[in-house]
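K.L.:
Structure, please.
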Amino acid sequence: MKRLINRRPSWLTALLLGLIPFLVIGLVYLGESNARLLENPDDRLLPSAMQLVEGVKMIAVDEDPRTGQVILWADTAASLQRIGIAMGVCTLAGLLFGMLNGMLPYVRAVASPLVTAVSLVPPMAILPILFVIFGLDELSKVMLIVIGIAPFLIRDLQGRIREIPAEMMIKAQSLGASSWQIALRVVLPQVLPRLIDSVRLSLGSAWLFLISAEAVAAEQGLGYRIFLVRRFLSMDIILPYVFWITLLAFVMDRALYYTNRAAFPWLGGRMAKEGA
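P.N.:
Residues are numbered from 1 along each chain as shown. Purely as a prediction, here's the structure:
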């Protein structure tokens, strides 16, 4: 008899099983919404399915009379620009300083304590300081994400490099490779896929920092819109925005995952075992 631990569902079965929790959540929500609306038709906490559809139409189809823009797409463009720039800077910083810290003991002795200290600072605690230093424009929002994510990427990549077997470094040096050649031909191919994995893991935190910054000081953005309409208890707008942010984060995660598999096919077996 085949043990349960060795049984694996097909891709279709896995897809259907993965949909079950979402269907249950949807049914529970609709049941609670109907119960609240029957008791109080003016209840705004759990809007009905029709109210949600009307809310989506208002934010995703109708133009805003004040600005002439469709607010969902304008907010999405603003937020994606901020998080795209910030994550690009974080990735480059993580790769550069992570490799330097991981490969060069003298650099690690100088920079590693500082990186560790910065990584332990709660980014939200220094948000007011960032607004004072960088102003209320885009730079402060980008810097909040960079300060929150880059030290994590640097420390993770540094640790990955130090896990590379010493025998590989010794063999490369025995064959006459310089430090630069070891960095490009031995270390870089091994840490790039790990860097992409780390960026994937940090996406949730990056969105959290972005929404927090937009909620405090912004004139456009997904976080700004949520905190703008919360004072009116406009759950028919807030819930679609939350769903949309989640969908964007999921798409970004999947894009990085498949990029990793395409660029580094030798990782396919490990990633499949880890369940993506």
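K.L.:
Centre-most residue in the chain?
P.N.:
Centroid-nearest residue in the chain: residue 203, 1.2 Å away (criterion: CA atoms, centre = their mean).
K.L.:
Confirm for me that it is in contact with residue 249.
P.N.:
Yes - look at residue 203 against residue 249 with CB atoms under 8 Å: they come within range, at 5.5 Å. Quick note: C-beta positions are derived from backbone N, CA and C, even for glycine.
K.L.:
Check the gap between residue 236 and residue 248 for me.
P.N.:
20 Å (CB to CB, to the nearest Å).
K.L.:
more neighbours, the two?
P.N.:
residue 236 (21 against 17; other CB atoms under 10 Å).
K.L.:
buried sites along the helix or strand harbouring residue 58?
P.N.:
Element membership for residue 58 (DSSP states H and E) is helix 49-60. In terms of neighbour count (16 or more other CB atoms under 10 Å), helix 49-60 has its buried residues at 51-52, 55-56, 58-59.
K.L.:
State which helix of this protein is the longest.
P.N.:
If you go by DSSP state H, the chain has its longest helix at helix 71-103.
K.L.:
Show me what that helix is packed up against.
P.N.:
Packing contacts for helix 71-103, counted by 3 or more CB pairs under 8 Å, 6 or more residues apart in numbering; DSSP states H and E, involve helix 49-60, helix 105-119, helix 138-162, helix 188-216, helix 222-229, helix 235-263.
K.L.:
Using PDB, write down the CA coordinates of the helix or strand that the second one is followed by.
P.N.:
Secondary structure here is assigned by DSSP H and E; on that basis, the next helix or strand after helix 105-119 toward the C-terminus is helix 127-134. Coordinates of each C-alpha in helix 127-134 appear next as PDB, following Å, rounded to 0.1, in the frame of the first residue of the first chain:
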ATOM      1  CA  LEU A 127       9.000  57.000   8.700                       C
ATOM      2  CA  PRO A 128       8.600  60.500  10.200                       C
ATOM      3  CA  ILE A 129      12.400  60.900  10.000                       C
ATOM      4  CA  LEU A 130      12.300  59.900   6.300                       C
ATOM      5  CA  PHE A 131       9.600  62.500   5.600                       C
ATOM      6  CA  VAL A 132      11.700  65.200   7.300                       C
ATOM      7  CA  ILE A 133      14.900  64.200   5.400                       C
ATOM      8  CA  PHE A 134      13.500  63.400   2.000                       C
END
